[in-house]
Each structure stands twice: as structure tokens, then as C-alpha cells.
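Enquirer: 3D model of this:
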Amino acid sequence: MAQGTVQVTHTGTSRWRRRTGEYASLAAALEAAADGDVLTIAPGTYRENLVVQRAVTLRGPDGSPGSVRLAPMDGVPLTVRASAVVQDLHVEGQDAAAPALLVEEGTPELRDVRVVTRSAAGIEVRGSARPTARRCTVDNPAGIGIAVLDGAGGVFEDCEVVAAGQAGVAVRGGAHPRLERCRVHHASGVGLSATGENSALEAVGCEVYEVRGSGVQITGRATAHLTDCDVHRTTTDGVTLDTDAVLTLADCRIHDIPENAVDLRSRSVLTLTRTSVRQFGRNGLSVWDPGTRVDANQCEIFDSTGDYPAVWVSDGATAVLDSCRVHDVPDALFVLDRGSRADVVDSDLSQVRNTAVSVSDGATAQLDDCRIRDAATGAWFRDHGSGGTLNNCTLDGTQTGVIVTKGADPTVERCTIDSPSEAGVYVSAGGRGSFLNCRVTGSGGYGFHVIDGSRTTLRKCRTERCARGGYEFADGGPDTGAGTGPLVEDCTSDESAGLRPPVARETAVQTASPSPGLLGAIPGQRTTEQEPLVAAAEPQEPVRTSKAVLGELDALVGLESVKREVRALTDMIEVGRRRRQAGLKAASVKRHLVFTGSPGTGKTTVARLYGEILASLGVLDKGHLVEVSRVDLVGEHIGSTAIRTQEAFERARGGVLFIDEAYALSPEDSGRDFGREAIDTLVKLMEDHRDAVVVIVAGYTAEMERFLSVNPGVASRFSRTITFSDYGPEELLRIVEQQAEEHEYRLATGTGEALLKYFTAIPKGPAFGNGRTSRQTFEAMVERHASRVAQVDEPSTDDLTLLYAEDLPELP
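Expert: Model (predicted):
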């Protein structure tokens with residue numbers, strides 16, 4: 001068969017149709033062919049746009065795969081509108097507005113077709129078409145790999161999308177294809193996408209990887225069912241569901257995901273069966289919004305690579321874990337927000353670095369027949385409205401088995417807490433909770449430790465081998481009213497640790513029965529006071545007078561408006577102190593400040609001096625400065641931020657807490673950012689300990705104005721804003737002169753004028769460091785001076801001390 005010809009084998013039933021003909025073009029051959037005919041195309045490149053409208057077989061020659069190229073200059077290279085067979089063709093398209101291979105009608109069969117194109121789609125199926133594609137390959141870096149649209153269907157077996165500029169496979173408009181043993185990779189968008197009502201995608205034995213987006217995305221009431229599939233090495237989430245999407249994952253594997261392995265929201269529903277989720281950078285399962293639900297059965301979530309909870313349920317969503325394993329993660333399950341709920345049945349949570357189960361902000365969690373092992377905290381019910389049930393669970397090898405704080409009220413029944421290193425149960429800060437038929441054994445601290453007058457119910461509980469004692473009910477303090485403290489009934493303890501006799505407090509423990517034997521084995525309240533530690537007194541530097549500190553402030557270069565503001569504030573505080581000493585009323589002065597301005601303008605230095613001034617006036621005990629930023633206050637998960645913020649506040653007690661770039665705590669696109677928690681914690685601490693710490697927040701002027709405008713609770717705590725202006729050339733020169741004098745250098749004649757020109761010309765962009773730039777300039781001059789003088793055999797004193805204009809560095 002000659003190159004560039006098409007041989008048509010006519011296979012009609014009539015004798016005269018059983019013949020073979022050759023045609024010079026594909027279009028002519030198709031025109032002559034009838035249903036059932038076989039068109040064998042000779043090797044070559046064909047610049048035709050083919051439309052197949054009869055049930056023919058269109059194929060390349062035997063033994064020469066890829067030798068037939070359909071490559072028109074524009075338009076759709078191959079359109080199929082019949083139940084034809086297309087085999088062993090190489091299709092190339094160049095039209096960004098059209099697909100390379102379009103299937104519009106019939107039930108055609110595509111075999112071993114390779115599409116290499118830069119088109120809107122590699123293969124597009126639409127309308128009533130139901131093709132079967134086997135061993136087909138699509139390489140389309142400019143558009144979608146395979147698009148199934150507008151009610152179309154079809155089966156794709158052993159096909160591969162090797163590159164796509166958008167989605168690898170896109171299903172929309174009510175389409176419903178099935179993929180079997182297909183591979184989709186190196187897509188610049190989503191791997192598999194289904195969107196729109198009545199759209200449905202089924203995939204069996206498929207693999208999605210190396211995509212620059214989510215591996216699977218189901219949205220807008222679409223449904224999908226994936227069985228025995230792998231999703232891995234994406235650049236964002238592994239699987240995403242949004243807006244009433246429904247997805248079932250059975251025997252699937254999702255791994256090596258930098259963000260959330262699975263993220264669903266807006267009333268979406270996900271069912272997972274025998275599916276594993278591992279090596280994820282954020283959440284393994286991230287479940288958001290009322291009506292959103294995930295049901296996981298016999299699944300495994302493990303080996304997190306980030307610092308986020310493995311399962312996150314918030315904003316009214318629901319998660320059910322049945323016979324699942326969650327292990328080797330920072331936190332196992334976080335349930336947040338009123339209306340959110342997690343039900344965990346017959347599951348294992350183990351090797352958890354922080355908290356296995358955290359319930360907060362009014363959420364609910366119910367755990368039945370579960371096992372929690374090797375976690376810092378087994379279960380933490382954090383605040384008012386948060387609760388749920390732990391029923392017939394075991395907690396082994398935790399630091400603390402169950403924590404209840406701030407009004408949370410869970411029910412814990414028939415649970416065993418074994419070998420906690422600190423406490424089996426810890427209740428504080430007004431936490432409640434009911435513990436029924438629970439047992440704590442082998443605690444390194446107390447069995448049940450209830451403080452702050454928390455109204456906890458203990459009924460038929462038992463402790464054994466607890467190092468510090470079975471039960472500890474600490475004094476609630478002066479604010480604790482009568483009738484507070486735990487309610488205890490029928491509880492026992494072996495008290496094998498040889499505890500000292502308790503100091504009883506009648507209101508600390510109340511019994512529900514007058515029987516004298518009920519509390520016979522329970523120690524009463526112990527005193528929580530500790531003997532003072534004896535330590536060698538450290539020598540302290542004498543506190544400078546306010547006059548001396550103000551003198552150092554006045555010696556700073558520039559900052560005239562700052563000096564006036566600080567001195568006015570100091571005068572107010574000093575006069576108020578003297579009025580109180582005289583028995584007169586003194587105006588209340590808020591000492592917290594906002595510093596705004598560019599870096600290098602002296603904000604930290606002035607904050608340090610301000611602390612010293614307040615200490616000299618007796619307003620602060622120490623006056624020391626603790627400097628922090630966002631990284632020091634914001635943790636990686638719920639709860640850690642409040643702890644970090646409290647620790648920083650405690651370090652600053654008696655002095656100044658200086659928060660640099662404070663606006664970073666409230667980014668414009670905050671999303672799930674924990675900076676809000678740091679702000680709320682800080683505001684409360686400032687209110688509760690208003691005389692213990694002075695807080696200064698600092699940062700760029702515009703950013704700080706936005707920070708205060710969107711956080712009115714913060715703004716109301718600060719008395720005034722002090723603006724630090726940029727240094728002018730003369731002030732920058734003066735800083736260099738101070739540095740030179742301090743280090744025993746001198747500026748030669750003309751060097752001052754050169755420095756003025758240098759500082760006038762230096763760019764004043766974001767990288768400009770004000771005083772820091774002056775100091776860096778001086779350091780650079782000293783280095784260049786050293787390089788110059790090192791070449792002199794016997795340098796004079798002038799050689800060793802004089803800095804010349806030639807020592808100036810080049811302008812950045």
C-alpha cells in the first residue's frame with residue numbers, strides 16, 4: 001500500500017461489495033465506506049479534519065503503531081459520530097479552542113490511540129456518546145486531558161493522561177464515565193474532577209499522582225466512587241469535596257500529600273472503607289460546615305509530616321470513625337465549634353505526640369470501646385459547652401488521661417486509665433464532668449486531681465498504685481464559694497503510696513450518702529502550698545533613677561517626638577504617684593503603648609528604657625524587656641497558642657512584653673490561623689493582670705493601623721500610639737559619628753560630607769534599615785579601613801583611626 005493512501009476493505013453482505021479499494025485521502029475513503037467496512041491507513045501524516053459518521057473500522061497498518069498521524073493545522077482532527085472502531089492512530093491538534101479527538105454520538109471503540117496535542121481537550125466526549133477507550137494515551141500540556149460532558153458516558157480502560165495543562169479528567173454537565181486501571185499524572189490542575197448535579201465518576205484501580213492541584217475534586221452536587229485507587233504526590237490537597245458533593249472511597253490509598261489528605265465542606269458527604277491516609281502535611285481528614293459528614297470504616301490514618309491534627313471537625317460538621325486506627329500523628333482528633341460532632345467506635349488512637357482527642361468551643365465527641373495509647377493527653381474537653389461521652393475506653397501510657405477545663409462537661413463511664421505519668425484525670429478552671437465506674441492505676445502523680453473548686457462528679461471510681469495519691473481536691477482559692485468542689489460517691493483507693501494524712505476541708509468534698517464508710521479510703525483535700533525553695537540570692541544591678549534613664553533616652557539621635565511622648569507619659573505617672581502619696585485622687589494612666597514605624601528607628605531601645613523608667617517609679621517590679629514575635633506566640637494546633645502566649649506573658653511579669661510585628665497575629669487572609677487565639681489570650685491576660693505587665697505592640701505604621709482597626713478589643717487596651725519617624729541624612733551621620741567615637745575611630749576631613757551624600761542617595765525602600773543602616777555602614781567602613789591599613793608596614797595613629805571617604809561602601 002503506497003504511502004499516503006487509504007485502503008478500504010468493503011465487507012457488505014452483497015457479493016459486489018466484497019472488494020478492496022484505495023483512495024488518495026481519508027475523506028474520500030470515508031465517503032466511499034459503508035457500515036462494517038475497514039479502512040487501513042498507510043503510514044504518513046494527514047492534514048485532514050476527519051468526521052466518522054458510519055460504523056467503520058479506522059486503523060493504522062499492522063506492526064507500525066504510531067506511523068499514522070492525523071495533524072491538521074486547526075479545528076478538530078478527528079470527530080466520531082457513530083459506533084465505529086478507531087485503532088492505532090496518532091492524533092495531533094493545534095487549536096486551543098477545540099478538542100483533538102471529539103466523540104459526539106454512538107458507542108465507538110478507541111484502541112491504542114495516542115493523542116499528542118495542544119488543544120482545549122485531548123479527548124472530549126459529549127451528548128449521547130458512550131465510547132469504550134482501551135490503552136489510549138493523552139498528552140495535552142495546554143488543556144484538559146479527557147473531558148466527558150453534557151450527559152455523556154463511556155468506559156476508559158488502561159488509559160493514561162501523561163500531561164495536562166488543566167484537569168487530567170474532567171466530568172461535568174451530568175456526564176458519568178467509568179475509569180478502569182487508568183493513570184493520570186503531570187496535570188497542571190486537578191487530577192480527576194467531577195462537578196455539577198447528576199455528574200458522576202467511577203474509578204477502579206486507578207492512580208493519580210504528580211498533579212499541580214488536588215488529586216480528586218468533587219463539587220456542586222456531583223458524585224464519585226473510587227475503588228482500589230491511589231492518590232499521591234499532589235501540590236495541594238489529596239481529595240476535595242465542596243457544595244453537596246458525595247464521594248465513596250473503598251480500598252484506596254492517599255499518601256504523600258503536602259496539605260490536607262481529604263478536605264470536605266459545604267454539606268458534602270464522604271464514605272471511606274478500608275482506606276489508608278498517610279504522610280500528609282496538614283489534616284488527614286478536614287471536615288467543615290453544617291451538614292458535612294464523613295463516615296470512615298476500617299480505615300488507617302497515620303504518619304503525619306506536619307504539626308496539625310490528623311482529623312479536624314469544625315463549624316458544625318460530623319465525623320464517624322468505626323474500627324479505625326490513627327497513629328504517629330501530632331494530634332489525633334480535634335472537634336471544634338457548636339454543632340460539630342465526632343463519633344468514634346472500636347478504634348485505636350496511638351503514638352500521638354500531643355492530644356489524642358480535643359473537644360472545644362461547644363463541640364461534642366463520643367468514644368465507645370476505644371483504645372488510646374502513648375499520647376501526651378488522652379482526651380481534653382476544653383471549655384464551656386464542650387462535652388460528650390467516653391464509654392468503656394482504655395487510656396494507656398499517657399501523661400494525663402483526661403483533662404476537663406473551663407466549664408466543659410463530659411461523661412466518662414467504665415473507662416480505665418493505666419500508667420499516666422502525671423495524672424489519670426485532671427479537672428481545673430471550673431471544669432465539670434461526670435466520672436462513673438472509672439479506674440486509674442499506676443499513676444506517676446494523682447489518680448483524680450480536681451482543683452479550683454471544680455464541680456466534678458465521681459461515682460464508683462477506683463484508684464490503685466498512684467504515686468502521689470488516689471484523689472486530690474485542691475483549694476479553689478478565695479473566690480471559691482461554698483458548695484463548690486467535687487461530688488464523690490462510693491469511690492475507693494488502695495492508697496498504697498503511703499500518703500501523709502490529709503488536711504480536710506468540708507466544702508471541698510461532698511458525699512451523696514451519709515454513710516461514714518463511703519469515703520473511708522479517700523484522702524481528703526491536701527494543702528497545695530509548697531515549702532519555699534532555698535536558693536542563693538543573685539546579685540542585682542541597682543535600679544537607675546528615672547532621671548538617669550531619661551538622660552539616656554535624650555542622648556539617642558533624633559526621635560524628638562518620641563522623647564516628648566515618653567517624657568509626657570512619665571510625668572503623668574510620676575505626678576499620679578505623688579498625688580496618691582499625698583492622699584489625693586490620681587488619674588488612671590494606661591501604660592500599654594503602640595509603637596509604629598519602620599525597622600531600625602529605635603523602637604526596641606525605647607521600649608527597654610521605658611521599662612526601666614517604670615521600674616524606677618515603682619510601677620513595675622523589675623522593668624526588664626521580653627521581646628517576642630508571632631513565632632513565639634502562635635502554636636501549630638488549638639491550645640498550644642494559648643500556652644505559648646501565657647508563657648511569654650509570665651516571662652515578662654514585672655516588666656515589658658514587647659511584641660514586634662504584632663500585625664502578623666492578625667493576617668488579612670487569616671483562614672484557620674491561630675493568631676486570633678493569641679490576641680484573645682493576650683487581651684484577657686492584660687485585663688486580669690493589668691498592673692503586672694506593660695505590653696507594647698510594634699510594627700509598620702499602615703499594618704499596625706489595620707491591626708488595631710480590625711481588633712477593637714486590642715485597641716481599647718492601649719493608651720496611645722507613638723510614631724517613630726525615619727532618620728534623615730544628618731541623623732544617620734550622627735549615628736555613625738557616635739559609633740566612631742565609641743570604637744575610637746575618627747572621621748577624616750571630608751568624610752562627613754561624603755557620608756551625608758551617601759545617606760541622601762541611599763535607596764529608602766523596604767530594605768532600608770534606618771539606624772541599622774548607619775551601623776552597617778560604619779561596620780563596612782571599618783572593614784575597608786582594615787583592608788587598606790593592613791598593607792602599611794608601620795601605620796601611624798592617624799592611619800589606625802582615621803576613616804576616609806574612600807572607605808564608604810558602594811550604594812546598594
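
Enquirer: who touches stretch 728-743?
Expert: 557-558, 727, 746-747, 752, 755-756, 759-760, 770-771, 773-775, 777-778, 781-782, 803 (C-beta atoms under 8 Å, 6 or more residues apart in numbering). Placement of C-beta: from N, CA and C, glycine included.

Enquirer: put the alpha carbons of that stretch into CSV.
Expert: Below are the C-alpha coordinates for stretch 728-743, written out as CSV (Å, rounded to 0.1, in the frame of the first residue of the first chain):
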residue,chain,number,x,y,z
GLY,A,728,17.2,61.9,57.9
PRO,A,729,20.7,62.0,56.4
GLU,A,730,22.0,64.3,59.2
GLU,A,731,20.7,61.9,61.9
LEU,A,732,22.2,58.9,60.2
LEU,A,733,25.6,60.8,60.0
ARG,A,734,25.3,61.5,63.7
ILE,A,735,24.8,57.8,64.5
VAL,A,736,28.0,56.9,62.5
GLU,A,737,29.8,59.6,64.5
GLN,A,738,28.6,58.1,67.7
GLN,A,739,29.7,54.7,66.6
ALA,A,740,33.1,56.0,65.6
GLU,A,741,33.6,57.8,68.9
GLU,A,742,32.6,54.7,70.9
HIS,A,743,35.1,52.5,69.0
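
Enquirer: buried residues in that stretch?
Expert: For stretch 728-743, the neighbour count (16 or more other C-beta atoms under 10 Å) marks 731, 732, 733, 734, 735, 736, 737, 738, 739, 740 as buried.

Enquirer: tell me which entries of the contacts of stretch 728-743 lie within helices.
Expert: 752, 755-756, 759-760, 771, 773-775, 777-778, 781-782 (DSSP state H).

Enquirer: can you select the buried ones from those in ChimeraX?
Expert: Restricted to buried positions by 16+ other C-beta under 10 Å, the ChimeraX selection for the ones in helices among the contacts of stretch 728-743 reads:
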select :752,755,759,771,773,774,775,777,778,781,782
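
Enquirer: of all the ones in helices among the contacts of stretch 728-743, which two lie farthest apart?
Expert: Across these, no pair lies farther apart than 760 and 782, at 21.9 Å, counting by C-beta to C-beta.

Enquirer: so which of the buried residues of stretch 728-743 belong to helices?
Expert: Those of the buried residues of stretch 728-743 lying in helices (DSSP H): 731, 732, 733, 734, 735, 736, 737, 738, 739, 740.

Enquirer: what's the pLDDT at the second one?
Expert: Going back to what we said before, that points to residue 732. On the pLDDT scale, residue 732 is placed at 88.

Enquirer: report the separation between it and residue 60.
Expert: 77 Å (C-beta to C-beta, to the nearest Å).

Enquirer: and which of the ones in helices among the contacts of stretch 728-743 is nearest to residue 258?
Expert: Using C-beta to C-beta, those come closest to residue 258 at residue 773, 38.0 Å.

Enquirer: count the residues that sit near the nearest residue to that closest one once chain neighbours are set aside.
Expert: Leaving aside its chain neighbours, residue 773 sits nearest to residue 600 (6.4 Å; criterion: C-beta to C-beta, 6 or more residues apart in numbering). Residue 600: 21 surrounding residues under other C-beta atoms under 10 Å.

Enquirer: let me see the contact set for residue 600.
Expert: 727, 768, 769, 770, 771, 772, 773.

Enquirer: any idea where the helices of the stretch 651-800 of the chain begin and end?
Expert: Remark: helices assigned in the stretch 651-800 of the chain by DSSP state H, counting those that start in this stretch are 675-688, 701-710, 712-715, 729-742, 751-761, 771-789, 797-801.

Enquirer: lowest average pLDDT across these?
Expert: helix 712-715 (a mean of 71).

Enquirer: could you export the ones in helices among the contacts of stretch 728-743 as CSV, including distance to residue 233?
Expert: Conversion of the ones in helices among the contacts of stretch 728-743 to CSV gives the following (distance: C-beta to C-beta, whole Å):
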residue, distance to residue 233
752, 61
755, 55
756, 57
759, 51
760, 53
771, 48
773, 45
774, 49
775, 47
777, 48
778, 51
781, 52
782, 51
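
Enquirer: rounded mean pLDDT for stretch 460-467, please.
Expert: Mean predicted confidence for stretch 460-467 is 95.

Enquirer: I meant to write stretch 251-266 there.
Expert: The average of the pLDDT scores along stretch 251-266 is 96.

Enquirer: the lengthiest helix in the chain vs helix 729-742, what angle?
Expert: Longest helix in the chain, counting residues (DSSP H): helix 560-581. Using axes from the mean of the first three to the mean of the last three C-alpha atoms, to 10 degrees, the inter-axis angle of helix 560-581 relative to helix 729-742 is 70 degrees.

Enquirer: tell me what the residue nearest to residue 273 when sequence neighbours are not counted is bridged to.
Expert: With sequence-adjacent residues excluded and distances taken as C-beta to C-beta, 6+ apart, residue 273 is closest to residue 250, at 4.6 Å. Residue 250 has these beta-bridge partners by DSSP bridges: residue 227, residue 273.

Enquirer: distance of residue 57 from residue 108?
Expert: 10 Å.

Enquirer: pretty sure residue 326 is touching residue 303, no?
Expert: No. With contact defined as C-beta atoms under 8 Å, residue 326 does not reach residue 303; the gap is 10.5 Å.

Enquirer: overlap in contacts of residue 57 and residue 108?
Expert: Common neighbours of residue 57 and residue 108 (C-beta under 8 Å, 6+ apart) are 84, 85.

Enquirer: more neighbours, those two?
Expert: When residue 57 and residue 108 are compared for neighbours, residue 108 comes out ahead with 25 against 19, by other C-beta under 10 Å.

Enquirer: looks like the residue nearest to residue 273 contacts residue 228 (just checking).
Expert: Yes. Counting by C-beta under 8 Å, residue 250 does reach residue 228; the two are 7.4 Å apart.

Enquirer: can you map out the helices along the stretch 451-600 of the chain?
Expert: All helices of the stretch 451-600 of the chain, identified by DSSP H, counting those that start in this stretch, fall at 546-555, 560-581.

Enquirer: and those helices as TSV, adding mean pLDDT, mean neighbour count and distance to residue 157?
Expert: Below are the helices of the stretch 451-600 of the chain laid out as TSV (pLDDT from 0 to 100; neighbours: other C-beta atoms under 10 Å; distance: least, C-beta to C-beta, whole Å):
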stretch	mean pLDDT	mean neighbour count	distance to residue 157
helix 546-555	81	15	79
helix 560-581	81	15	74
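
Enquirer: now these in a markdown table, with distance to residue 44?
Expert: Conversion of those to a markdown table gives the following (distance: least, C-beta to C-beta, whole Å):
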| stretch | distance to residue 44 |
| --- | --- |
| helix 546-555 | 88 |
| helix 560-581 | 82 |
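
Enquirer: nearest to residue 40, out of the ones you listed?
Expert: Nearest to residue 40 among the helices of the stretch 451-600 of the chain is helix 560-581; the distance by C-beta to C-beta comes to 88.8 Å.

Enquirer: right, I'll call it a day here.
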